[in-house]
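Chemist: Sequence isn't available, so here's the structure alone:
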């Protein structure tokens, strides 16, 4: 590689490190940046989060006789519950994830690559990761903050309507939680409303940290698999015995499999929680949309549809990257099989057969211990949610 080209490639790789920028900023605010976890910030954040969750469940308990109130509560409750649990799971695996991120950062060095074309392939995946991270965060902001601010505009309109009457104003809070005191005036209402600001920021930062960390790691893993497959294909152009090159490839293959296994195992429980929550939320949103058609327009439905789109977007990203990750894992097996291994010494043949065997189980995002993200995941999720909706609708009709 020419020195000038090497310098340009290193500049590109240095620019590629900015893939962590948004994730690092959001995760540090809640003490969950894997390279520098802050236990003090994390404890303060999640003590507040836990208090909020207790008040939410108390409100659910006291409104159990009102099915509409229960569904409204569950919509918000499940949204926060899955983020709360996934934040704790991220904290549990934070040392493992810190190790793989350190390993990833070390590869942003021109010495890691054999030629300039490998740097271009690597950077194409890193740039895709940056795009998906930004896109995901923007959609999260669109779904979280309008919902938080909506009651303020409703209160302003209600205040104008009741300005010349003696009717009591109903003060609406952004989230359904149990309030231990009466809200009888605007000052109390505004101070109470302000107390909900931190949970909105914590919810957004935690959600962004969990999703964007995974997206970044998976795109990096995909880049490494594609580059390794190309190196295996190039073995056919090497004359003689490939002993040194093959040993390097086997070492790199083992390293990639270990990296991928660590990331997938760290996120398997988190993704299962997300899918369980999403299936129930889609059911509730579907019921609200159905009710909207029967009873008339409801402004809350618009925000629920935005949240539904965000949920489907995130799951679609997981499905696409998981499916592509699986395909790129299979390319490794095909590349080993396509090289002229049958003309090589017995020991070389044995090593290649071992690599082919290890590649038979492709890498893919796991949902717990029993399923994987793939092309049919969204269909299965929607089908399951519609089944829940059918049961819920039948139950409400018999009441």
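Modeler: Perfect, I can see it now. All values derive from a computational prediction rather than experimental measurement.
Chemist: alpha carbons only for contacts and neighbour counts from here, please
Modeler: Noted.
Chemist: residues near residue 360, how many?
Modeler: A count of nearby residues for residue 360, using other C-alpha atoms under 10 Å, gives 13.
Chemist: ok so it is a strand residue?
Modeler: No: assignment of residue 360 by DSSP: H, G, I helix; E, B strand; the rest coil gives coil, placing it outside any strand.
Chemist: Check what pLDDT it gets.
Modeler: You'll see residue 360 listed with a pLDDT of 80.
Chemist: Next: residue 383.
Modeler: Confidence for residue 383, expressed as pLDDT, is 85.
Chemist: hmm, who's touching the strand or helix carrying it?
Modeler: Residue 383 belongs to helix 377-398 when assigned by DSSP states H and E. By C-alpha atoms under 8 Å, 6 or more residues apart in numbering, the residues outside helix 377-398 that reach it are 275, 278-280, 282-284, 286-287, 312, 315-316, 319.
Chemist: Looking at the residues you listed, which one is closest to residue 116?
Modeler: Proximity of the contacts of helix 377-398 to residue 116, judged by C-alpha to C-alpha, is greatest for residue 319, which lies at 30.5 Å.
Chemist: what about the nearest residue to residue 375 once chain neighbours are set aside, how many residues close to it?
Modeler: Leaving aside its chain neighbours, residue 375 sits nearest to residue 319 (6.1 Å; criterion: C-alpha to C-alpha, 6 or more residues apart in numbering). The tally of other residues near residue 319 (other C-alpha under 10 Å) stands at 21.
Chemist: remind me which residues of the chain are low pLDDT?
Modeler: Applying pLDDT under 70 to the chain picks out residues 1-5, 153-169, 239-241, 295-300, 341, 395-399.
Chemist: max-length helix in it?
Modeler: Secondary structure of the chain read by DSSP state H shows that its longest helix is helix 243-295.
Chemist: Check which helices and strands the helix or strand just after it is in contact with.
Modeler: With elements assigned by DSSP H and E, the helix or strand that comes after helix 243-295 is helix 299-338. Other helices and strands packing on helix 299-338, by 3 or more C-alpha pairs under 8 Å, 6 or more residues apart in numbering; DSSP states H and E, are helix 116-161, helix 197-233, helix 243-295, helix 346-358, helix 377-398.
Chemist: could those be laid out in JSON lines, adding distance to residue 55 and mean neighbour count?
Modeler: As requested, the helices and strands packed on helix 299-338 are exported to JSON lines (distance: least, C-alpha to C-alpha, whole Å; neighbours: other C-alpha atoms under 10 Å):
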{"stretch": "helix 116-161", "distance to residue 55": "17", "mean neighbour count": "17"}
{"stretch": "helix 197-233", "distance to residue 55": "12", "mean neighbour count": "21"}
{"stretch": "helix 243-295", "distance to residue 55": "19", "mean neighbour count": "17"}
{"stretch": "helix 346-358", "distance to residue 55": "49", "mean neighbour count": "15"}
{"stretch": "helix 377-398", "distance to residue 55": "25", "mean neighbour count": "14"}
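Chemist: I'd like to know which of the ones you listed is closest to residue 307.
Modeler: Nearest of those to residue 307, taken as C-alpha to C-alpha: helix 116-161 at 5.2 Å.
Chemist: which non-adjacent residue is nearest residue 236?
Modeler: Nearest-residue entry for residue 236: residue 339, 5.9 Å, with adjacent residues in sequence omitted and distances by C-alpha to C-alpha, 6+ apart.
Chemist: Ramachandran angles for the one you found?
Modeler: Backbone torsions for residue 339, taken as degrees, to the nearest 10, come to phi -70, psi 160.
Chemist: In this structure it contacts residue 237, no?
Modeler: No: at 9.6 Å, residue 339 does not count as touching residue 237 under the criterion of C-alpha atoms under 8 Å.
Chemist: Between the two, tell me which one has more neighbours.
Modeler: Set residue 339 next to residue 237 and count neighbours by other C-alpha under 10 Å: residue 339 wins out with 16 against 8.
Chemist: Now for the more buried one: which residues touch it?
Modeler: By C-alpha under 8 Å, 6+ apart, residue 339 lies in contact with 232, 233, 235, 236.
Chemist: So which of those residues is the closest to residue 248?
Modeler: Using C-alpha to C-alpha, the contacts of residue 339 come closest to residue 248 at residue 232, 10.4 Å.
Chemist: ok, now which ones touch that closest one?
Modeler: 249, 332, 335, 336, 339.
Chemist: try 10 Å this time
Modeler: If a contact means C-alpha atoms under 10 Å, 6 or more residues apart in numbering, then residue 232 has 245-246, 249-250, 331-339 as its contacts.
Chemist: rewinding a little: out of the helices and strands packed on helix 299-338, which is closest to residue 78?
Modeler: In terms of C-alpha to C-alpha, the element of these nearest to residue 78 is helix 243-295, at 6.1 Å.
Chemist: Can you work out which other helices and strands pack against that closest one?
Modeler: For helix 243-295, the elements it packs on are helix 67-92, helix 94-106, helix 197-233, helix 299-338, helix 346-358, strand 366-367, strand 371-372, helix 377-398, judged by 3 or more C-alpha pairs under 10 Å, 6 or more residues apart in numbering; DSSP states H and E.
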